[in-house]
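Student: quick one, structure for this:
(chains A, B, C and D, ligands or ions: 6)
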Amino acid sequence: MKKLLDDPENAVDDSLTGFAAAHADVVEVHGLHGSGPVYVTRAGGAVEGKVGLVSGGGSGHEPLHAGFVGDGMLDAAVPGAVFTSPTPDQITPAIQAADAGRGVLAIVKNYTGDILNFETAVELAEAEDVEVATVVVNDDVAVEDSLYTAGRRGVAGTVMVEKIAGAAAVRGDDLAAVTAVAEKVIANVRSMGVALEACTVPHVGKPSFDLAEGEIEIGIGIHGEPGRHRVPMASATEITRLLVDPILADLDLAAGERVLLFVNGMGGTPQSELYVVYGRARTLLEERGVTVARSLVGNYVTSLEMQGASVTVLRLDDELEQLWDAPVRTAAMHW
Amino acid sequence: MKKLLDDPENAVDDSLTGFAAAHADVVEVHGLHGSGPVYVTRAGGAVEGKVGLVSGGGSGHEPLHAGFVGDGMLDAAVPGAVFTSPTPDQITPAIQAADAGRGVLAIVKNYTGDILNFETAVELAEAEDVEVATVVVNDDVAVEDSLYTAGRRGVAGTVMVEKIAGAAAVRGDDLAAVTAVAEKVIANVRSMGVALEACTVPHVGKPSFDLAEGEIEIGIGIHGEPGRHRVPMASATEITRLLVDPILADLDLAAGERVLLFVNGMGGTPQSELYVVYGRARTLLEERGVTVARSLVGNYVTSLEMQGASVTVLRLDDELEQLWDAPVRTAAMHW
Amino acid sequence: MTLDAAWARRWVAQAANAVAAAKDDLTELDRQIGDGDHGANLDRGFRAVVAKLDEAPAPDDETVGAVLKAVATTLMSTVGGAAGPLYGTAFLRASKVTGREEIDSSAVVALLEAALEGITARGHATTGEKTMVDAWHPAAEAAAAADGQPVLAVLRAAAAAADAGSTATIPLVATKGRASYLGERSAGHEDPGARSTALLLAAAVAAAEEQ
Amino acid sequence: MTLDAAWARRWVAQAANAVAAAKDDLTELDRQIGDGDHGANLDRGFRAVVAKLDEAPAPDDETVGAVLKAVATTLMSTVGGAAGPLYGTAFLRASKVTGREEIDSSAVVALLEAALEGITARGHATTGEKTMVDAWHPAAEAAAAADGQPVLAVLRAAAAAADAGSTATIPLVATKGRASYLGERSAGHEDPGARSTALLLAAAVAAAEEQ
Ligand SMILES: Nc1ncnc2c1ncn2[C@@H]1O[C@H](COP(=O)(O)OP(=O)(O)O)[C@@H](O)[C@H]1O
Ligand SMILES: Nc1ncnc2c1ncn2[C@@H]1O[C@H](COP(=O)(O)OP(=O)(O)O)[C@@H](O)[C@H]1O
Ligand SMILES: [Mg+2]
Ligand SMILES: [Mg+2]
Ligand SMILES: [Mg+2]
Ligand SMILES: [Mg+2]
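Tutor: Ligands and ions are numbered 1, 2, ... in the order given. Reported below is the predicted structural model:
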């Protein structure tokens, strides 16, 4: 394992220290270096008159979530240890910091650990008289959704939920309305990912799974877990089809519909390859008569230095388009 | 080699096709798929009354240069084959397309191939009555600058030259003035890089150099060339010092000066590690009494999926700060 | 023989040692079917628990429940992931039925049943889903079956059942927790949370044997 | 014996075959001390040259110079990198001194000298800097020394000198081109451009031998 780190145990703290210094105009990082539980808020604190937005999860997915704290998106983010949900004593103060009196929406990715820790944290925040609503993002079509399983995972579609709900909050929506917008995004966003190479968690020191030279993992999550199945290495066109087909099957898009197409890099794949996948995915959508009205390509929800990508499709309507286009000013997303 | 590509020979074309589709509001890609020599211009063409800016070089450094075409930065970019300078028949039409009558500045990274191909292209453009000035970026302190060598390479500091000269052109500067601003940036920007793992050129199919498990390359360029020397793997703090010390020695910064600190990822290193390096580099600068007034952290000048990073320091003055802060709207840089 | 707060503290110390020793093994189990952090998470948590308990000297009238409550809150705020809230809740519920200075074998049964109830209340898993429930459930059952026997025998029965329950997760297909994402590919691997449960109960036995 | 445009076309064909066959070797040389694209770049270029020359039938009065000019412009617009403009200029200069239907041994000497001058005018390298100049320079010198002998002998002398010159780059420390960035680490490797020069001149010999 070769990484630009000092003590692997302090990797998250050291990285957040640099992040805080580089983006002091946008964010404030609390509780670093043992001075209390770690969480990140927008510089200047909660925005008067606006519903607050909080998200969080394990670290290692940068820029998610701290990179999305700022005007038009999140008010606070809670980074756990690498690939490990944060704890309630981090989440609760983040929720409190995000509250400006109109309540807080907690955006949680669907993992048992995230759900359980947010549940406790929300209870504690409510006990401090903060009104909290929770939405659970579960966009990963690799995982079958069933009453008898943990359900679909929350992956790259989380960016769309955070951006669009963030814009709804800026628009002045109340907590119920912001929550409804977030739920609309969740209902209409689906993702699927592939890994060409695994990643290595700093304090573990070896790859999260072992892939042979000619093999790839289809249907991976974002925590270095193995995927749904392993297939022989294939062309970008073939791999993209393996990602897009299940999304289309699940979203049931009709010709004439408009979508946002998001190709997300897992961290170690160059941009040039992401654009190849984007081009192929776009063609598959257009062959169905679907219009790609908005696009995003880049490393937004990563798994450390994993090589691979995911494709996310969000069904758009006028409202979602407008909220997507609304200004945003965070460390990692800016327009 | 596992890459998200179809035919490696078409990798650059396929990637540019996706890029063009994803960013049709910002750029136009010319000459793809054998319909002529390839180059990229801003959507809508040259801006009336503004000096044009053109840059180019081998592909594989994305988002450089095409990702920096747009308002406030480049008017055209010329992508060669992977790590191979583009040819004059690509560069000349790009220069012509960037010309709105006030002349064009060509920003060339200091490599024999880039210099030679731009030289010929500029001659041809001048024969078509375009006024052209050329600046050569040579920020890499890993390479000794001497009359008897090819001189220092142009690496990540190119982003600063393109951004700041681009803002000067928007400000209304004439060709001589834009050139002078670019030269000022070049005179004050220095970089140094490290590779933890090499990259693999698609049509070569094996790593550009071979590194043992415990070794890293210090003083690498951006074309997968080996570096100046190979050292044992070390901590982020130690590695950052190996990058920052030669920069400081060369830039001769005095206490009280203000700088822009840029930590650039080579493509395969996660953002979290870049922020660790950023934090360490910032500390080293601050220990000298230097103020970090502006920051940039991310993958801007890459070497495919190479693991590693470079540190760039630009000495600032009021003018450079203002030009850096000026609005920019490109695929890869936006504020 | 009854168990007192000193036993609870020894349990914690034994558990911390056992988790530290098994850290890499637990992580490797989690790497196979999860995200490879279970060992590191628990180790971080139990080191924090030991530090917390070492901070202040125990009051003379310390109860078993007070120790278990400190374990619970510390695990909740330091472990994260799924295991943090699950073990946290388990110890919290256990602390509520053991608010005495000395506990007998029936109280040990109640402790294990409360822990199990806490875990299923939070995680909504039942037996056979390849989770730590597959270790806690047989442990609580075996303890109940041994009720009335000496506490050491009750604990030993529980620990043995947890160990067997954990081993029995190997062929299962996970339907809860992160391993469930693997579907059929989760079969053939032992559940890390079930294994760590077996370690914790073995530590409880060792702590009682020292008495 | 003199050389005509048909020889020049056979030269191109032989060169293209030689480059295609040596593509991986040239790339490997460039990978050691450069950026690993020299083989691919030249192969792309010579395939384009062959295609260009195949496009239209040769006019009856085609000159050697006309063929070399087509080579020059095609290499310039398809090879890129350092080698594209350097080889392009070499062939362009060579074309200017060979604008005849038949060329004799003195013209071959002039061709090689013009090529060398083109390369040094563009690249500002002299001998001993570990570049293609270290193959072209001895080639032009050897040709001049053999001036007056039959053309085939002149070409053979040039090709042999280029080959030896290329081999002699191995111990050199590069001070021009991309290999110069390696400093001392560039010693111990053959320069890819010098090697490709030796291949091109060997192809010229083979094309003349066919006549
Ligand atoms: N719903 C659940 N009910 C009971 N136990 C669960 C549940 N989900 C996960 N677990 C347990 O948690 C263990 C994983 O813990 P850990 O690796 O620390 O958390 P994470 O899965 O968040 O990385 C699993 O091995 C399993 O025993
Ligand atoms: N200044 C120069 N003068 C002469 N030849 C040069 C010069 N610079 C580079 N070369 C030649 O070019 C070769 C490299 O060509 P190539 O790999 O195609 O270009 P690049 O270095 O741009 O990747 C070197 O091996 C060397 O022979
Ligand atoms: Mg985890
Ligand atoms: Mg090259
Ligand atoms: Mg885990
Ligand atoms: Mg080369």
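
Student: mind checking pLDDT for the residue of chain C positioned farthest from its centre?
Tutor: If you look at how far each residue of chain C sits from its centre, by C-alpha atoms, centre = their mean, the farthest one is C:E184, at 26.7 Å. According to the prediction, C:E184 has pLDDT 89.

Student: tell me the confidence at A:N138?
Tutor: You'll see A:N138 listed with a pLDDT of 96.

Student: make that A:S295, sorry
Tutor: So, for A:S295, pLDDT stands at 98.

Student: before we move on, back to that, hang on, the residue farthest from the centre of chain C packs against C:V173?
Tutor: Yes. Taking contacts as C-beta atoms under 8 Å, C:E184 lies within contact range of C:V173: 5.9 Å. Placement of C-beta: from N, CA and C, glycine included.

Student: who touches the residue farthest from the centre of chain C in this structure?
Tutor: Shown in contact with C:E184 (C-beta atoms under 8 Å, 6 or more residues apart in numbering or on different chains): C:V173.

Student: so who does A:S208 touch?
Tutor: Here A:S208 is in contact with A:A198, A:C199, A:T200, A:V201, A:H223, A:G224, A:E225, A:P226, C:R31, C:D35, C:G36 (C-beta under 8 Å, 6+ apart).

Student: for these, which one is nearest ligand 1?
Tutor: Nearest to ligand 1 among these: C:D35, at 4.8 Å, using C-beta to the nearest ligand atom.

Student: residues in contact with that closest one?
Tutor: Taking C-beta under 8 Å, 6+ apart as the definition, contacts of C:D35 comprise A:F83, A:T84, A:V201, A:S208, A:G221, A:H223, A:G224, A:E225, C:R178.

Student: recalculate using a threshold of 7 Å.
Tutor: A:F83, A:S208, A:H223, A:G224, A:E225, C:R178 (C-beta atoms under 7 Å, 6 or more residues apart in numbering or on different chains).

Student: which other residues reach stretch A:135-151?
Tutor: Taking C-beta under 7 Å, 6+ apart as the rule, stretch A:135-151 contacts A:105, A:107-110, A:112, A:115, A:152-155, A:157-158, A:161, A:179, A:182-183, A:186, A:189-192, A:219, A:221, A:227-228, A:246-247, A:250, A:312, C:175-177, C:180-181.

Student: flag every buried residue along it.
Tutor: A:V135, A:V136, A:V137, A:N138, A:D139, A:D140, A:V141, A:A142, A:V143, A:T149, A:A150, A:G151 (16 or more other C-beta atoms under 10 Å in any protein chain shown).

Student: just the ones of the residues you listed in strands?
Tutor: Counted as lying in strands by DSSP state E, out of the buried residues of stretch A:135-151, are A:V135, A:V136, A:V137.

Student: neighbours of residue 12, just the number please.
Tutor: In the absence of a named chain, this looks at chain A. A:V12 is flanked by 24 other residues according to other C-beta atoms under 10 Å in any protein chain shown.

Student: please refer instead to chain C.
Tutor: 25.

Student: now the closest residue to ligand 6 within chain A: closest residue in space that isn't a chain neighbour?
Tutor: As assessed by C-beta to the ion, ligand 6 sits closest to A:S272 within chain A, at 18.9 Å. Once flanking residues are discounted, A:S272 sits nearest to B:S15: 4.1 Å by C-beta to C-beta, 6 or more residues apart in numbering or on different chains.

Student: what helix or strand is that neighbour located in?
Tutor: Secondary structure from DSSP states H and E places B:S15 in helix B:11-22.

Student: list the buried ones in that helix?
Tutor: Buried-residue list, helix B:11-22, by 16+ other C-beta under 10 Å: B:A11, B:V12, B:D13, B:D14, B:S15, B:L16, B:T17, B:G18, B:F19, B:A20, B:A21, B:A22.

Student: and residue 96, how many neighbours?
Tutor: In the absence of a named chain, chain A is used. 21.

Student: ah, I was thinking of chain C
Tutor: Neighbours of C:K96 (other C-beta under 10 Å): 16.

Student: and it, how far from C:S105?
Tutor: As judged by C-beta to C-beta, to the nearest Å, C:K96 and C:S105 stand 18 Å apart.

Student: one step back: helices - which of the contacts of stretch A:135-151 land there?
Tutor: In helices, defined here by DSSP state H, the members of those are A:T112, A:I115, A:T158, A:V161, A:T179, A:A182, A:E183, A:I186, A:P246, A:I247, A:D250.

Student: quick one: which of those residues is nearest to chain C?
Tutor: Comparing the ones in helices among the contacts of stretch A:135-151 against chain C with C-beta to the nearest C-beta picks out A:T112 as the nearest, at 4.1 Å.

Student: tell me where the chain has strands.
Tutor: Assuming you mean chain A. For chain A, the strands defined by DSSP E occupy A:27-30, A:39-42, A:52-59, A:70-71, A:76-82, A:104-109, A:132-137, A:189-197, A:215-218, A:229-232, A:258-265, A:291-298, A:307-315, A:329-330.

Student: nope, chain C
Tutor: Using DSSP E, strands in chain C cover C:3-4, C:102-103.

Student: what residues does A:T269 make contact with?
Tutor: A:Q307, A:G308, A:A309, B:L4, B:E305.
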